Each structure stands twice: as structure tokens, then as C-alpha cells.
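In: Model the structure of this input:
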Amino acid sequence: MAADFEKNLEKIDGYTKLVGLLATPIGHSLSPRMHNLGYTLKDLNYAYLAFEVGNDELEKAVEGMKAIGAIGFNISMPNKMEVIQYLDELDEGAKHAGAVNTVVNENGKLKGYNTDGLGYVSNLLEHGVELKGQKVTLVGSGGVATPIATQLVQSGIREISVFARDDKFFSNAEKNVKYINEEMQEYQVKANILPLEDKEAFRREVAESLVLANATSLGMKPLDDLSIIDDTLDVLRDDLVVTDVVYNPQRSKLLQQAAEGGSTAINGLGMMLWQGALAFEKFTGEEMPREKIKKIMF
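Out: Predicted coordinates for the structure are as follows:
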């Protein structure tokens, strides 16, 4: 494999196509390694670089990526919603999500996509979770939770209950639930909103759900000692699927609790790989060698 990387480095030249990541903090991201490994395995003349960019620098960074002819770039926190105003077009998934994580430069026209929600759903399906006709309890309403919610709606569920942690997140959750109930009526999914502080409501909604999903930062360093069910461990049961968007650590506190409680525990690695694979294909027109990358990286 070392020889393959050396071969790939020798290939970087005046024809190398640039792909980037605009986010902050960025040091923990696995995206550069994942994408560059994919380019090596597929023998593609691309390079993926990470750039420390927040909201204040975002407009200039987007203009810069466009000006230098970058093929495209990924967007992560805190820029997923903010970037929309600097783009020329959004695909249907990004419109529903109100957030973008992938931007493709189509001959100077920047088009935004969101592969987070589809990556999440693809990961569930890969684990044999059948969503059609089911109810889901989702904790979170930010840049990751929103596309997950809207993609779940498009995936055949019958109901989704969204729990939010505080006033700021509750306001976001209200918008998401209203959007699902009013703008996505064609999918005939009922969306509910509740405060996470209401423990009895949380117990009731989880008891009626197949999936309990954490789409917050609880469980991720430096919040790795926290879990959305610290006060409600009794919600765990054998036929409950517990998912976490967190993949570092691979076994968050929530997933440790889920496994100990007999529930199926699914971490965020699969979602990360799937959303990356979907973005990879939009950048290159090629399928990412996902299984090979998974074996090498994890």
C-alpha cells in the first residue's frame, strides 16, 4: 500500500484536480484520508485538502475555490446552512434539508447537494433495518439532524418524533417539523416536536419507535462522557435500534449503553463512509471503493 501512495504522489502535476473541505475545527476529520485513499485505489488524478474555514471566512473561501477551478468541495460544521447563500443552485435533497455538505463546480456554476441524510439511511439499510412504515425518534435539529429527518421522511417511515435540547435547538426543530408537515405532505409522514427535558414523553415516543437516533454532538469529544439517555436508560429494549452520528469514539457512551441494554447499536462510521462515497461519485463520476477503504481505515 505504501508503494501505491508513492505512486499517487508522483502523479500530482499540473493536471491534478482539486477537491477540498471547508470546516472548523477540522483536525479530526477523516474525509481527506478517505477521499485520497479512494483516488489512489481508483488511480485517479485528484487531491483532497482540508481548509480551516468558519462562517466569517466562508464567502471568500467559496469564491476562492471557484476562482481556482476546484472540482468541488465538502462543507462541514459550522458552514452547512451558511453556504447556501453563496451557491447558484441546490438539488432536491439539499432544498429539503436546508443544508449542504457537498458542492460541485459545474463549469463555474456551484451546485449544492446533501449526502448526509442518504448516507444515514443507506447505513441503516446496510445493517438490515427496514424503515418502511416505522416510527423514528430523533434527537437533534442542527446541520446533521435536519437532512437525516427529511431523508427518513422520503424513505417510507410513517412518523418521526423530534426532541430538542434547549431553546435555540427547539426553534430549529420547530422549523424542521413544520417543514415536514407542510412542505412534504406528499410523503404522508406525521412529525412531532418535544423537549428532551420531558422524560415521560421521551419514554413514550421511544417505546413506539423502531429507531432511536442521536444526531447531536453528545458523545463526541470533549462531550464523550455524555449521552442522550443518561436519565432514561429504561427506554432500551431488545428490538430497539440505537444509532449515533458520532464515529470518534467508535463506541460512544450511548452505544455502550445500548449494547448493554440489549439494543442494536450502530455508530456513525457507516454513515460517514456512505455520505463520503456519494460525494466522491459526484466529484469524480466514479464509485468510491467503499469496502476496501473500510478495511484499510477501520
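
In: In the chain, where is pLDDT below threshold?
Out: 1-10 (pLDDT under 70).

In: Let me see the domain layout of it.
Out: By the assignment in automatic domain parsing, the chain contains the domains 2-114+272-297, 117-267.

In: Could you dump those into CSV with mean neighbour count added?
Out: No exception for glycine: its C-beta is placed from N, CA and C like everyone else's. Shown next, in CSV, are those (neighbours: other Cβ atoms under 10 Å):
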stretch, mean neighbour count
domain 2-114+272-297, 18
domain 117-267, 19
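
In: Centroid-nearest residue for the protein?
Out: In the chain, the C-alpha closest to the average C-alpha coordinate belongs to residue 116, at a distance of 3.3 Å (Cα atoms, centre = their mean).

In: show me the residues around it that make contact.
Out: When contacts are counted by Cβ atoms under 8 Å, 6 or more residues apart in numbering, residue 116 touches 97, 99, 101, 144, 147-148, 151, 271, 275.

In: ok, those residues vs residue 226, which is closest?
Out: residue 144 (16.6 Å; Cβ to Cβ).

In: Look up how far residue 250 lies from that closest one.
Out: 17 Å (Cβ to Cβ, to the nearest Å).

In: what does residue 76 give?
Out: Distance from residue 76 to residue 250, by Cβ to Cβ: 19 Å.

In: can you pull out the strands in the stretch 101-250 of the chain?
Out: 102-106, 109-113, 135-139, 159-164, 190-195, 211-214, 241-244 (DSSP state E, counting those that start in this stretch).

In: need the ones you listed in CSV with distance to residue 15, can you?
Out: Shown next, in CSV, are those (distance: least, Cβ to Cβ, whole Å):
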stretch, distance to residue 15
strand 102-106, 16
strand 109-113, 22
strand 135-139, 44
strand 159-164, 46
strand 190-195, 48
strand 211-214, 43
strand 241-244, 41
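
In: all helices of the chain, in order?
Out: Remark: helices assigned in the chain by DSSP state H are 2-11, 31-42, 55-67, 92-97, 116-126, 145-154, 167-183, 199-207, 253-260, 269-284, 290-297.

In: Against which helices or strands is the longest one packed?
Out: I take that to be helix 167-183. helix 145-154, strand 159-164, strand 190-195 (3 or more Cβ pairs under 8 Å, 6 or more residues apart in numbering; DSSP states H and E).

In: and residue 282, which of those is closest to it?
Out: Per Cβ to Cβ, nearest to residue 282 of the helices and strands packed on helix 167-183: helix 145-154, 15.1 Å.

In: what's the angle from the closest one to helix 167-183?
Out: For helix 145-154 against helix 167-183, the angle by axes from the mean of the first three to the mean of the last three Cα atoms, to 10 degrees is 30 degrees.

In: Contacts made by helix 145-154 with the rest, please.
Out: 93, 96-99, 101, 114, 116-118, 120-121, 131, 136, 138-141, 160, 162, 172, 176, 179-180, 184, 187, 189, 191, 213, 215-216, 245.

In: Quick check: which of the helices and strands packed on helix 167-183 is nearest to residue 202?
Out: With Cβ to Cβ as the measure, strand 159-164 is the member of the helices and strands packed on helix 167-183 nearest residue 202 (6.2 Å).

In: May I see the helices of the chain arranged in CSV, with distance to residue 220 as well?
Out: Below are those laid out as CSV (distance: least, Cβ to Cβ, whole Å):
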stretch, distance to residue 220
helix 2-11, 29
helix 31-42, 16
helix 55-67, 20
helix 92-97, 21
helix 116-126, 15
helix 145-154, 14
helix 167-183, 16
helix 199-207, 21
helix 253-260, 10
helix 269-284, 12
helix 290-297, 18
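
In: Go through those and name the closest to residue 224.
Out: helix 253-260 (6.6 Å).

In: Which elements pack onto the closest one?
Out: strand 241-244, strand 264-266.

In: Repeat the analysis, applying 10 Å as the threshold.
Out: In terms of contacts (3 or more Cβ pairs under 10 Å, 6 or more residues apart in numbering; DSSP states H and E), helix 253-260 is packed against strand 211-214, strand 241-244, strand 264-266.

In: Return the distance of that helix from the chain's centre.
Out: The chain centroid and the centroid of helix 253-260 are separated by 21 Å, computed with Cα atoms, centre = their mean, to the nearest Å.
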